[in-house]
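J.: Test case, fold it:
(one chain, ligands or ions: 1)
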Amino acid sequence: MVMATALVDYPAPTYFENSPILTKKNHSVDHNHGAVIAKQMIGDALRQRVESIDHESCDPGDEDTFFVGDLGEVYRQHMRWKKNLPRVKPFYAVKCNPDPKVIQLLAGLGTGFDCASKAEIEQVLNIGVDPSRIIYAQPCKTNSYVRFVASQGVKQMTFDNADELRKIAKLFPDAELFLRILTDDSSSMCRLSLKFGASLDATDDLLGLAKELGLNVVGVSFHVGSGASDPLAFLKAVQDADVVFKQGYAHGFEMKTLDVGGGFSGDTFETMAHVLREALDEYFPPHINIIAEPGRYYVSAAFTIACNIIARRTIENPITGETSYMVYVNDGLYGNFSSIMFDHQHPVAKVLRTGARTYYDSSLGDAVSEGTCTGTEYSIWGPTCDGIDRITESIRFDHELDVGDWFYFEDMGAYTKCSATKFNGFSDAHDVIYVCSEPGARAILRL
Ligand SMILES: Cc1ncc(COP(=O)(O)O)c(C=O)c1O
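T.: The predicted structure follows:
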C-alpha cells in the first residue's frame, strides 16, 4: 500500500491502549516477519516513484529527493518498547521528527508527547491529544509560551535553575514541575548536559526555592544524551534521581513521577532497557510513575530517503590512471542530511537505480567493502555552493553512476527533515510516501 502524503486524511486519534490490538499476546509482533514485509513495501514505493521519472524531460522538482516512511516500523518499535520497558510510558520527543502521520499513530497507540515549543504543543493538541499527555520538556522556556501552555492546561514542564522557577511562579504557578538533573552524557553522540540540568549540589536549594515560591514539584527528569551508548549512564542517573526524590520528600513535595528522558537507539535498545528496568525496580517503587522521552528510537529506521544524481565531475588521477567521480545529489547537509552536522550521523549511500535497473535491498546496490580497491570511487556532494556540503568522502560501487541515477539511504527518520533549511533556494519540504507494514498500525490509522 502506497499513499501519497496529501491524499490521506486521517481521523482524530482513538486511544488504543486497552484495545484487543495491543493485548499481551500481541505484544510480540513478529519483528522479522514485519521487517520482510516492510522491505517489500518500501522497495515498491521507491521503485514506482523513481521508475516514473525521466530526468531528460521531467518538470523542475519532479526528480526531488523524497522519503518513504513506514508507519509499521514505528508500530513495531512501540511493541518492542512495551515488551522491554513495560513500566515506562513513552512521551515521544516531537522535535526528532514531527511527521504528522507518526504523531497520529503514536497518539492512537496512547503515548504521551515531549514538546519543546508552542508549535509542537499546538500540533499535538490540534489532533485531539489531552493536555495531560504532554510534557513541555524545555528547562528554559519562552515567557509567552508559558502563558500559552497555562491557557491550554498543559501543566507538566521541566526546570533546572532558579530564574526559571521565578518565571514559572509569575506566569503559571499551578504548573507540575520536573527538576531536570545533570547526567554523565559523555558516552552519547549529542551531549545535552553542557546546556541543561541542575547538578546534585544545586538540587536541594532549588527545591527549597520552589517551596518558598509555592510551586508544585512532582518529579525529576534527566536525559543521558542523544545516541547514548553506555547503559550505566542510566543506572547513575536513576541513582541520582532517587537522591533528588528524597530531597523533594524532605521539602514536603508529593514526588510522583520520574522522567528518564531519551537517548535510546534501535541498535542498543535491549541492553539499555535491561539496565534501566533493573535500576528502576531497585530504586523506584511501583507507585511511582515512570515516563520517558524517546525520539530517535521510534523513527530512525522508519524513514528511507532517495536522492537523484544531478551532476557529475570526472577526476582522472595522473599517477594511477584511475578515474573517479564527484557526484552531486539534490539533497545535502543544508537539507535532510543536516543530521551529519547536527546529529553526528554517517548515512550510507546505496545505489537505487542506474542503467535502467532498480536495486533496492540487493547486494548489487551496496558499496564494495571498505579496504578493497575494486569498483569505481565516488565522493557524494550536496547541491549547495558550500564546500562543507559533502555527504560521503569516499565510497566505491561496482557501477558507473551518472546524472539521473538514484541513491537511497536508510535510517533517515531522526533529526533529518526537521532541521533541513532552504539554503540556496532548495526546498525543505520533501514528499513522504507512506507505507504501513503492520496491520495493527493500519487499524489504528483506519487505513
Ligand atoms: C529534552 C529532550 N528529550 C528528549 C529528546 C530525544 O532524545 P532521543 O532522540 O535521543 O531519544 C531530546 C533530544 O535532544 C531532548 O532534548
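
J.: Keeping just the C-alphas, turn the strand or helix carrying residue 234 into PDB.
T.: Using DSSP states H and E, the element containing residue 234 is helix 232-250. Provided in PDB are the C-alpha atoms of helix 232-250 (Å, rounded to 0.1, in the frame of the first residue of the first chain):
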ATOM      1  CA  LEU A 232      25.500   2.600  33.100                       C
ATOM      2  CA  ALA A 233      24.700   6.300  32.400                       C
ATOM      3  CA  PHE A 234      21.000   5.200  33.000                       C
ATOM      4  CA  LEU A 235      21.900   3.500  36.300                       C
ATOM      5  CA  LYS A 236      23.800   6.500  37.600                       C
ATOM      6  CA  ALA A 237      21.000   8.900  36.500                       C
ATOM      7  CA  VAL A 238      18.400   6.800  38.200                       C
ATOM      8  CA  GLN A 239      20.500   6.700  41.400                       C
ATOM      9  CA  ASP A 240      20.900  10.500  41.300                       C
ATOM     10  CA  ALA A 241      17.100  10.900  40.700                       C
ATOM     11  CA  ASP A 242      16.500   8.800  43.800                       C
ATOM     12  CA  VAL A 243      18.600  11.200  45.800                       C
ATOM     13  CA  VAL A 244      16.600  14.200  44.500                       C
ATOM     14  CA  PHE A 245      13.300  12.400  45.100                       C
ATOM     15  CA  LYS A 246      14.300  12.100  48.800                       C
ATOM     16  CA  GLN A 247      15.200  15.700  48.900                       C
ATOM     17  CA  GLY A 248      11.800  16.500  47.400                       C
ATOM     18  CA  TYR A 249      10.000  14.500  50.000                       C
ATOM     19  CA  ALA A 250      12.000  16.300  52.700                       C
END
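
J.: Model confidence score at residue 194, please.
T.: With respect to pLDDT, residue 194 has a value of 82.

J.: ok, back up a step: pull out the buried positions in the helix holding residue 234.
T.: Across helix 232-250, burial judged by 16 or more other CB atoms under 10 Å covers 233, 234, 235, 237, 238, 240, 241, 242, 244, 245, 247, 248. C-beta here means a position set from N, CA and C on the backbone, and glycine is covered the same way.

J.: The next helix or strand after it vs the ligand: in contact?
T.: Using DSSP H and E, the helix or strand that directly follows helix 232-250 along the chain is strand 257-259. No - on the criterion CB under 6 Å from any ligand atom, strand 257-259 is out of touch with the ligand, staying 8.7 Å away.

J.: list the helices and strands the helix holding residue 234 packs on?
T.: Helices and strands touching helix 232-250, by 3 or more CB pairs under 8 Å, 6 or more residues apart in numbering; DSSP states H and E, are helix 200-212, strand 216-221, strand 257-259, helix 269-283.

J.: what about 7 Å?
T.: helix 200-212, strand 216-221, helix 269-283 (3 or more CB pairs under 7 Å, 6 or more residues apart in numbering; DSSP states H and E).

J.: Show me which residues of the second one are buried.
T.: Neighbour counts over strand 216-221 (16+ other CB under 10 Å) mark 217, 218, 219, 220, 221 as buried.

J.: and if you look at the longest one?
T.: By neighbour count with 16+ other CB under 10 Å, helix 269-283 contains the buried residues 269, 272, 273, 275, 276, 277, 279, 280, 283.

J.: Could you tell me how many residues sit around residue 39?
T.: Look at residue 39: counted by other CB atoms under 10 Å, it has 15 neighbours.

J.: And stretch 404-413, end to end?
T.: Taking CA to CA, to the nearest Å, the first and last residues of stretch 404-413 lie 24 Å apart.

J.: Show me what from the stretch 1-150 of the chain comes close to the ligand.
T.: Close to the ligand, as judged by CB under 6 Å from any ligand atom, the stretch 1-150 of the chain has residues 93, 96, 114, 137.

J.: Residue 78 sits in which helix or strand?
T.: Counting by DSSP H and E, residue 78 is part of helix 71-84.

J.: if we can go back for a sec, report the mean confidence score over the helix holding residue 234.
T.: 97.

J.: mind listing what residue 217 touches?
T.: Contact analysis of residue 217 by CB atoms under 7 Å, 6 or more residues apart in numbering lists 177, 179, 207, 210, 248, 253.

J.: can we see that at 6 Å?
T.: By CB atoms under 6 Å, 6 or more residues apart in numbering, residue 217 lies in contact with 177, 210, 248, 253.

J.: Grab the two from the residues you listed that are most spread out in space.
T.: With CB to CB as the measure, no two of the contacts of residue 217 lie farther apart than 177 and 248, at 10.1 Å.

J.: quick revisit: which one of the buried residues of helix 269-283 sits closest to residue 416?
T.: residue 269 (19.9 Å).

J.: quick one: strands adjacent to the biggest strand by length in the chain?
T.: Scanning the chain for the strand with the most residues, using DSSP state E, yields strand 303-316. Using DSSP bridges, strand 303-316 pairs in its sheet with strand 66-70 (antiparallel), strand 323-329 (antiparallel), strand 406-409 (antiparallel).

J.: could I get the last one in CSV with only the CA atoms?
T.: Put plainly, it is strand 406-409. Extracted in CSV, the C-alpha atoms of strand 406-409 (Å, rounded to 0.1, in the frame of the first residue of the first chain):
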residue,chain,number,x,y,z
TRP,A,406,19.4,7.4,-7.8
PHE,A,407,20.9,6.6,-4.4
TYR,A,408,18.9,5.6,-1.3
PHE,A,409,19.9,6.0,2.3
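
J.: Now that strand: buried residues?
T.: Buried-residue list, strand 406-409, by 16+ other CB under 10 Å: 406, 407, 408, 409.

J.: Now tabulate those in TSV and tack on distance to the ligand and pLDDT.
T.: TSV is the format used below for the buried residues of strand 406-409 (distance: CB to the nearest ligand atom, whole Å; pLDDT from 0 to 100):
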residue	distance to the ligand	pLDDT
406	28	98
407	25	98
408	23	98
409	18	98
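
J.: isn't residue 310 right up against residue 328?
T.: Yes - contact status for residue 310 versus residue 328: in contact at 5.5 Å, counting by CB atoms under 6 Å.

J.: Comparing these two, which residue is more hemmed in?
T.: residue 328 (22 against 16).

J.: Residues contacting the longest helix anywhere in the chain, please?
T.: Determined from DSSP state H, the single longest helix within the chain is helix 31-51. For helix 31-51, contacts defined as CB under 6 Å, 6+ apart pick out 2, 68, 70, 72, 76, 304, 306, 353, 358, 360-361, 406, 433, 435, 437-438.

J.: Kindly indicate which of those lies nearest the ligand.
T.: Within the contacts of helix 31-51, the smallest distance to the ligand is 16.9 Å, found for residue 76 (CB to the nearest ligand atom).

J.: angle of the helix or strand just after the helix holding residue 78 against helix 269-283?
T.: For helix 71-84, the following helix or strand on the C-terminal side (DSSP H and E) is strand 88-93. Interaxial angle, strand 88-93 versus helix 269-283 (axes from the mean of the first three to the mean of the last three CA atoms, to 10 degrees): 120 degrees.
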